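> dropping a prediction and its sequence here:
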Amino acid sequence: MSYCKQEGKDRIIFVTKEDHEAPSNAELIADDPNDPYEDQGLILPSGEINWNCPCLGGMASGPCGTQFKEAFSCFHYSNEEVKGSECIDNFRAMQECMQKYPELYPQEDENEGADAAAPPLVDSTAPVPTEDSSPASVPSSNSTPSPPTPESAPSSDKTPPTDSQAAS
Amino acid sequence: MWTCKNLWKKLAPLARSSSTLCRQNARGVLLNNERRLPLVPQAHMSSGTPGSRGDNNLYYLLVGATCVGGGFYAYRTIKGDKERYQERINEIASRPNKVVPEQPITEAPAAEPATVAPAEVPAPTPVEFPSHAPYLLIGGGTASFAAARSIRARDPGARVLIITDEPDLPYMRPPLSKELWFSDDPSVVDTLRFKQWNGKERSIYFQPPSFYVSPQDLEKVENGGVAVLTGKKVVHMDVRGNKVTLSDDTEISYDKCLIATGGIPRNLQVIERAGEEVTKRTTLFRKVEDFKALDKVSRDTKSITIIGGGFLGSELACALGRRSADSDLEVIQMFPEKGNMGKVLPEYLSNWTTAKVKSEGVAVITEALVKAVSFKDGKVEIKLKDGRVVKTDHIVAAVGLEPSVELAKSAGLEVDSDFGGFRVNAELQARSNIWVAGDAACFYDIRLGRRRVEHHDHAVVSGRLAGENMTGANKPYWHQSMFWSDLGPDVGYEAIGIVDSSLPTVGVFAKATAKDTPKAATEKSGTGIRSESETEGTASSPVASSTPEPPPVLEQKDNYGKGVIFYLRDKVVVGIILWNVFNRMPVARKIIKDGEEHADLNEVAKLFNIHDD
């Protein structure tokens, strides 16, 4: 059974696993998916891409940001059978730009970068190239008592199960 | 400072009381005379009688003497204050780069119309600055970088100029008091790289230098970019003219401006006045250079004392304490509260944490008020108010942050009197085209009220928001930022909202069963026996509690291993700490966002599944 004590203004409750087995009857207010104040995920309710999503890391804001935006937008709006097949030029331009900044876009992730932009990035383990030094935040599955993430740019609460940040 | 008004205010009661006293004496004397000379009543009406005239003279003499005495005392006090003030100013001016003396701010407006470089400035190195930046970010820390990124993401081709007085590119601060100290790499002081929770290494710098555009190229580069002007301080802001002036009199105009100037570490007055021998053995910890200096000190000295029991002080104490395990370094931590994190954690948890900090090798002195600091016989001597004396080689003062609001005066911006910092609205705006983010922003939080937050995640969240609003988003502060801290291997927590120990709290902790202390249990009582009892009932097993561990064992039922603590204000949860429980922040954030009154917080605690790992 749970055990409770009071120390001045502070109340302390000790509970066992069994005590917490029954589902909670605490009521939470339903979230409004169109709340303009909330941080949005990668795709906005309007269907547009949220370039400021922490899940993109620094991709849209770096030196090759323009090329990345063009390539990814093309892909996103593509209605071809093979999605993004008409965007080859954009991706090539992006790759060329990235090659100029090997420090920011490590060479071995080059191909990942091109492919990664293609499949949807909504998945929390999005394979967006992890710039080695990019502050792209990583999911914090802290089983060890180490801090979540250096740069915890919180992402939307929708996809990633963890607070701090969406994937890199 | 003393003014005539204050002086008069001080003297007036003195004069008044002394004259009243004199008058009463005189009256007393007169009355006595009255009784003694009943036959000549009318004499008392005039000051004719020799006795009363003499009394009047006495009265005047006394009052006169008091006034002179009071005047003399006041003069001495003013003189003394003036001397002390001058000393203070001299000390501040002599302090290397740590505090901007008040002179530049008052001089700058005078210098502005002069424009031409003053004669004493040496020939400037020919670095070209852009004369105009569409987006100007003052300060080169976390908030500024987050804003830069946000602006670049939302405004294609944006040209962003960051101006920082530090020599470094934007970097993150938390590792300076945590991960960098635990690195196995001996060259960590130079590389500034650390291992993240997932094993991956990264630098404290947000981006390598190749990410940035050089300031000269900012106006021309095709797709825009972020440029950082290091080693330059903005000393004057002309809000009407939308331009700023740097310390070398260069002017840069802007369209949108962000002030993210952060703050400077506070110091104790007793240390500031203790003389150079003490101040050069004192570290105010905030920047990369402070980390490098302290690292060196920890190798060269025998004893370090940390003054301050909050986040920074406790983290540094644990980091140095860990280091002292391999060396004969003595680590002492002292603070006025009763336990570590005394202003954040409820008392029972603060005490528990203090025990943990002690087990990291730190000699913790609680309820310590520093009365005086001096340098004697090659040691820094700290005298506490209760008489205790601590002798050490080096002091680290972690006693808070003073937000940098020097620009408020020239910019005509409001400074908050309760929390300090620039006062901004819920959208972080101070005025049209001026936003403030990070440690220096006192903003309106729709859910939790006006506040100022000094945490890393808040700098990221507010910087991002400011960047969004600078590009037209018009969003208020809504996504609640969080913070975290680690104190040794047993204490790690994440927190969100207002976490103030003066609020009533409700803590729900997982009752430790035999299973939760497997290591200690198996070590002490033999593997076989322990494993059998693991499946036993949930009653707190007295066996485990009697098992001694090297640090003093806490009774089973008082083991605050993991749990959730709710901070309440008017029955609404305004803050939550996840104590050794991770990955549940979104739930915590939701509860605070709802702002509902919950009748049974145990039910709310169920949402966190604290028993799962």
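Right, received. Where do you want to start? Residues are numbered from 1 along each chain as shown, chains lettered A, B, ... in the order given.

> which residues touch the host helix or strand of residue B:297?
If you go by DSSP states H and E, residue B:297 is part of helix B:288-300. By C-beta atoms under 8 Å, 6 or more residues apart in numbering or on different chains, the list of residues contacting helix B:288-300 from outside reads B:166, B:168, B:171, B:176-177, B:180-181, B:189, B:192, B:204, B:283-285, B:304, B:316, B:320, B:323, B:327, B:329, B:394, B:396. C-betas here are computed from N, CA, C, even on glycine.

> just the buried ones out of those, please.
With neighbours counted by 16 or more other C-beta atoms under 10 Å in any protein chain shown, those contain buried members at B:166, B:168, B:171, B:176-177, B:180-181, B:192, B:204, B:283-285, B:304, B:316, B:320, B:323, B:329, B:394, B:396.

> among those, which are in reach of chain A?
residue B:204 (C-beta under 8 Å from any C-beta of the partner chain).

> among the buried ones among the contacts of helix B:288-300, which are in helices?
Assignment to helices by DSSP state H places the following of these there: B:316, B:320, B:323.

> and the first one, how far is that from chain A?
This points to residue B:316. Counting by C-beta to the nearest C-beta, to the nearest Å, the gap from residue B:316 to chain A is 15 Å.

> isn't that residue right next to residue B:394, touching?
No. Between residue B:316 and residue B:394 there is no contact under C-beta atoms under 8 Å: 11.8 Å.

> any idea where the strands of chain A begin and end?
Per DSSP state E, chain A carries strands over the ranges A:3-7, A:10-15.

> deepest of those strands, which one?
strand A:10-15 (a mean of 21; mean count of other C-beta atoms under 10 Å in any protein chain shown).

> right, is it up against chain B?
Yes. Using C-beta under 8 Å from any C-beta, strand A:10-15 reaches chain B at A:10, A:11, A:12, A:13, A:14, A:15.

> hmm, the second one is touching residue B:508, no?
Okay, so that is residue A:11. No. With contact defined as C-beta under 8 Å, residue A:11 does not reach residue B:508; the gap is 9.1 Å.

> any idea how far the nearest residue to residue B:223 once chain neighbours are set aside is from residue B:211?
Closest residue to residue B:223 apart from its sequence neighbours, by C-beta to C-beta, 6 or more residues apart in numbering or on different chains: residue A:66 at 4.4 Å. Separation of residue A:66 from residue B:211 (C-beta to C-beta, to the nearest Å) stands at 14 Å.

> can you pull out the low-pLDDT segments for the stretch 101-250 of chain B?
Within the stretch 101-250 of chain B, the set of residues satisfying pLDDT under 70 comprises B:101-127.

> burial of the closest residue to chain A within it, as a residue count?
Going by C-beta to the nearest C-beta, chain A is nearest to residue B:152 of the stretch 101-250 of chain B, at 3.5 Å. With neighbours defined by other C-beta atoms under 10 Å in any protein chain shown, the count for residue B:152 comes to 29.

> how deep is the closest residue to it other than its chain neighbours tucked in, by neighbour count?
What sits nearest to residue B:152 in space, not counting adjacent residues and going by C-beta to C-beta, 6+ apart, is residue A:61, at 3.5 Å. Counted by other C-beta under 10 Å, the residues lying close to residue A:61 total 28.

> would residue B:602 count as being in a helix?
Yes. According to DSSP: H, G, I helix; E, B strand; the rest coil, residue B:602 belongs to a helix.

> got the confidence number for it?
What the model reports for residue B:602 is a pLDDT of 93.

> that one: neighbour count?
The burial count for residue B:602: 20, using other C-beta under 10 Å.

> for chain A, what spans make up the helices?
Counting by DSSP H, the helices of chain A are A:65-77, A:88-99, A:110-117.

> got CSV for these, with distance to residue B:573 too?
Converted to CSV, the helices of chain A look like this (distance: least, C-beta to C-beta, whole Å):
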stretch, distance to residue B:573
helix A:65-77, 39
helix A:88-99, 46
helix A:110-117, 40
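
> which of the ones you listed has the lowest average pLDDT?
Among the helices of chain A, helix A:110-117 scores lowest, at a mean of 47.

> kindly list the main-chain dihedrals of the closest residue to residue B:571 other than its chain neighbours?
Computed as C-beta to C-beta, 6+ apart, the closest residue to residue B:571 that is not its neighbour in sequence is residue B:597, at 4.7 Å. Per-residue torsions, residue B:597: phi -90, psi 120 (degrees, to the nearest 10).

> residues near residue B:597, how many?
10.

> what bridges to it?
Counting by DSSP bridges, residue B:597 is bridged to residue B:572.

> look up how far residue B:570 lies from it.
From residue B:597 to residue B:570 the distance is 8 Å (C-beta to C-beta).

> please apply the same query to residue B:503.
Taking C-beta to C-beta, one finds residue B:503 at 10 Å from residue B:570.

> those two - which one has more neighbours?
Per other C-beta under 10 Å, whichever of residue B:503 and residue B:570 has more neighbours is residue B:503, with 17 against 8.

> in the sheet, which residues pair with the closest residue to that one other than its chain neighbours? Tell me.
Nearest non-adjacent residue to residue B:503, counting by C-beta to C-beta, 6+ apart: residue B:567, 4.6 Å away. Applying DSSP bridges to residue B:567 gives these bridge partners: residue B:505, residue B:575.

> likewise for residue B:236?
Bridge pairing for residue B:236 - DSSP bridges - gives residue B:245.

> residue B:317 reaches residue B:359, doesn't it?
No. Using C-beta under 8 Å, residue B:317 is not in contact with residue B:359; the gap is 11.9 Å.

> so which of these two has more stuff around it?
Under the neighbour definition other C-beta under 10 Å, residue B:317 and residue B:359 were set side by side, and residue B:317 has more, 33 against 17.

> just give me the neighbour total for the closest residue to that one other than its chain neighbours.
The shortest distance from residue B:317 to any non-neighbouring residue, by C-beta to C-beta, 6+ apart, is to residue B:333 (4.2 Å). A count of nearby residues for residue B:333, using other C-beta under 10 Å, gives 29.
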